[in-house]
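Participant: Quick one: sequence plus predicted model below, questions after.
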Amino acid sequence: MDFYVALVIFIGFLAYITFQLFQTVPESSANVKEETIRIEAYQISELLVNNAGYPLNWEAQPLSGIKGIGLSDPAKNMANYLLKAKLDRLNAICQTPTGYEDIKRILEMNNEMTITFIEHTLPTDTTWICKSSVPTNKKVAFNVSRTVSIGGNSFGEIIVEMWKI
Amino acid sequence: MKGQISLIEAVLSAAALFIAFNMIITTAEYQTKWKESINLVEGRDILITVDRLGRLHDYSFSSASFSSEFLNRIDAIKDAVRKIEIQGTVGNTIYVACDCTAEQISYLQGVFNDVKFNTRSVSASVCSTTLPTINTCGSGTAYPDILIIWRYDSLTPHVSVLTNFLNDGNGLIEITDIQNSKVDGQGADDDEGQKTIFGLKSISEGNFPSNPDEFLQPLNSSQVTYQSYKWFYHSPYSLTAPTIVVSVPVDTLPPPVCLTVREGDFRFQDADHKFWICNNIVSSSVFFDTDNTDKADLGPISKGQRFSIVDSDFKLSYIDATDKIRVSFKPEYLFNDFIVKNNGHNKLAPSNDDKNKVLLSMGYWDANRKKPIAGIILNTIGLGKTAWMADFSRDGLSNTNDDHKQLLASMVLSLADKRSRETFQPVGQITSYINVNSTDILEIYKVELSIGSPF
């Protein structure tokens, strides 16, 4: 009798633990993925806003010569102070047929993303978007918006949105 | 019986195991602080960006234009609860309660009618009060920024009220002549309030000398007199030239060519000195009468230029309009004495003999220069500051000069409460940023931007 009672309890707990694991592990795994997306989105935004890229004058280089993309003005070396020429160059690259993939490659990104830039000029804002030409389903999307100064004359927003397919 | 015990053991074991596993394998919700972190990043980005644009100082003191020109245009925080507040410098309005006459209140309002420094204007909301009541003057808080007692009153009954007021971080100025016997510690005539609040004592010395009053230069910025000294010498003083005249009357100077000319008075050291603003399209300049002949013998003085009138040095900080200039007093400025009433009054010293508490003196009682003949004595109580001033208006307010007005404004600006009067919304993350502006006077203050989600 004791044996059977113990066996039932043992099987019951095994079932309980299995059930709990099946419930917890996927959720934790999804949370880790979400967290990774958030961290990467923030890191890309920080890279764009507070890094000058490599070489420092990458905006004057051919695409093959660009090793790193950052929009900060190296002459000023100040946080949130972007160089208009770098923004224009990034936009120009993005508008080419392979531009989005080139940006992803240079930034060493595996996830999908869009980079939206809004310059708050009067009377209307100026906006451009760097995104894939192939539509993708967004899963676990996250976006980070950064407010920046452009050459100390105007201000704008860089919005980095990132997701997994 | 044996079977029952086994069953109880089994149930207990099951319960213990269930609790243990439930603690180990939890399905609790994974919580992040990204929302709050993003708010903090956004707040920092905004303050840095505004600084990069050179607008942080303007926006710090004008939340309406900050919202309309900047914050409302940022998509990321359009729906957020935002608030900005300033700590560590005077706000746009100083709330001044004055235990004084209607004429004195009018005088104070005149002093703060047109105060402008570091590209911003500061006004005063002056209201009447009678101790023990301290009128808030519409400040929206428990106290005004500063209380002025412009008469002699025994403060002994009000020590508790004034101490609470000062402990709250506010300022107190007393403008009066004090009988030596009131603070000599010699008997029933003593005014304990004056001693406690202003830290005064009388000293037994001979007759007052015949000296002008001069500032005792603070040794460092932590000295209690430093801020008042700084405000006096850096805050531009507004002078208006209301009268239109045909030309600048000159003495020995070549007559200047002006489109229009305005004439005004600059009164200091009990003497009127006329000045003329020579307005031209490209640049205007100013001429002064230094020898009381009603004719210009100094000029043209341009914006930013230093000049001297009767051994006193000034700087023409601004030519603000066709009828207005702003002049800064420069060291070492000497006042015609206003300390001496008679030998029975104002022979005062800090109760702890700390001469660093004396802002203005007419020399020293001793050869070792340890005991200044004090005209303004400052003191600290809790978070608040106090100042006793000899009554420069005892011969009537109409006999006071521009230098007295500049001194009074400096005392109010330096002693007023520097904390923000705003209260943050309970939701929101606060980003702090230290800003500095030294266009006219060095102002260091903290800007705090709160960004929060409405839900």
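Facilitator: Here it is on my side, so go on.
Participant: contacts, neighbours, all on C-alpha from now
Facilitator: Fine.
Participant: What residues sit buried inside stretch B:313-331?
Facilitator: Neighbour-count burial for stretch B:313-331 flags B:313-319, B:322-330 (criterion: 16 or more other Cα atoms under 10 Å in any protein chain shown).
Participant: average pLDDT for it?
Facilitator: Per-residue pLDDT values over stretch B:313-331 give a mean of 93.
Participant: Ok, stretch A:52-61 next?
Facilitator: Model confidence over stretch A:52-61, given as mean pLDDT, is 93.
Participant: per-residue pLDDT, residue 108?
Facilitator: Using chain A. The per-residue pLDDT reported for A:Glu108 equals 90.
Participant: hm, I was asking about chain B
Facilitator: 95.
Participant: hmm, the lowest-mean-pLDDT helix or strand in chain B in reach of chain A?
Facilitator: Ranked by mean pLDDT, DSSP states H and E, the weakest helix or strand in chain B is helix B:2-24, scoring a mean of 74. Yes: counting by Cα under 8 Å from any Cα of the partner chain, chain A is contacted by helix B:2-24 at B:6, B:10, B:14, B:18, B:21.
Participant: quick one on the thing from earlier: which of the buried residues of stretch B:313-331 fall within strands?
Facilitator: Among the buried residues of stretch B:313-331, the members falling in strands (DSSP state E) are B:313-319, B:324-330.
Participant: right, and B:Met416 touches B:Ile94 too?
Facilitator: Slight slip there: residue B:416 is Ala, not Met. Yes: B:Ala416 lies in contact with B:Ile94 (Cα atoms under 8 Å); the separation is 7.3 Å.
Participant: More neighbours: those two, which one.
Facilitator: Comparing B:Ala416 with B:Ile94 by other Cα atoms under 10 Å in any protein chain shown, the one with more neighbours is B:Ala416, at 26 against 23.
Participant: Enumerate the residues of chain A near chain B.
Facilitator: So chain A meets chain B at A:2, A:5-6, A:9, A:13, A:17, A:20-21, A:23-24, A:28, A:31, A:79-81, A:120, A:144-149, A:152-157 (Cα under 8 Å from any Cα).
Participant: Now restrict the residues you listed to buried residues only.
Facilitator: For these, a burial check counting by 16+ other Cα under 10 Å picks out A:6, A:9, A:13, A:17, A:20, A:24, A:31, A:79-81, A:120, A:144-149, A:152, A:154-157.
Participant: Of the residues you listed, which belong to strands?
Facilitator: A:81, A:144-149, A:154-157.
Participant: Show me which pair in those residues is furthest apart.
Facilitator: Based on Cα to Cα, the longest span within these runs between A:Val144 and A:Ser154 and measures 20.3 Å.
Participant: how about stretch B:127-140: buried residues?
Facilitator: In terms of neighbour count (16+ other Cα under 10 Å), stretch B:127-140 has its buried residues at B:127-129, B:134-137, B:139.
Participant: Pull the residues that contact stretch B:200-210.
Facilitator: Residues outside stretch B:200-210 that contact it (Cα atoms under 8 Å, 6 or more residues apart in numbering or on different chains): B:180-181, B:183-185, B:194-195, B:340, B:343, B:346-351, B:362, B:365, B:377.
Participant: rerun that using 6 Å as the cut-off
Facilitator: If you take Cα atoms under 6 Å, 6 or more residues apart in numbering or on different chains as the criterion, stretch B:200-210 is touched by B:180, B:183-184, B:347-351.
Participant: How about stretch A:98-110?
Facilitator: With contact meaning Cα under 6 Å, 6+ apart, stretch A:98-110 is reached by A:68, A:93-94, A:131-132.
Participant: Closest to chain B out of the residues you listed?
Facilitator: Minimum distance to chain B across those is 19.4 Å, recorded for A:Lys131 (Cα to the nearest Cα).
Participant: Name the residues of the stretch 101-250 of chain B found near chain A, please.
Facilitator: Taking Cα under 6 Å from any Cα of the partner chain, no part of the stretch 101-250 of chain B reaches chain A.
Participant: what ranges do the strands span in the stretch 101-250 of chain B?
Facilitator: Assigned by DSSP state E, counting those that start in this stretch, the strands in the stretch 101-250 of chain B fall at B:115-117, B:120-128, B:146-149, B:171-175, B:200-202, B:213-215, B:237-240, B:243-245.
Participant: can you check chain A too?
Facilitator: A:53-54, A:68-69, A:81-82, A:112-119, A:126-130, A:139-150, A:154-164.
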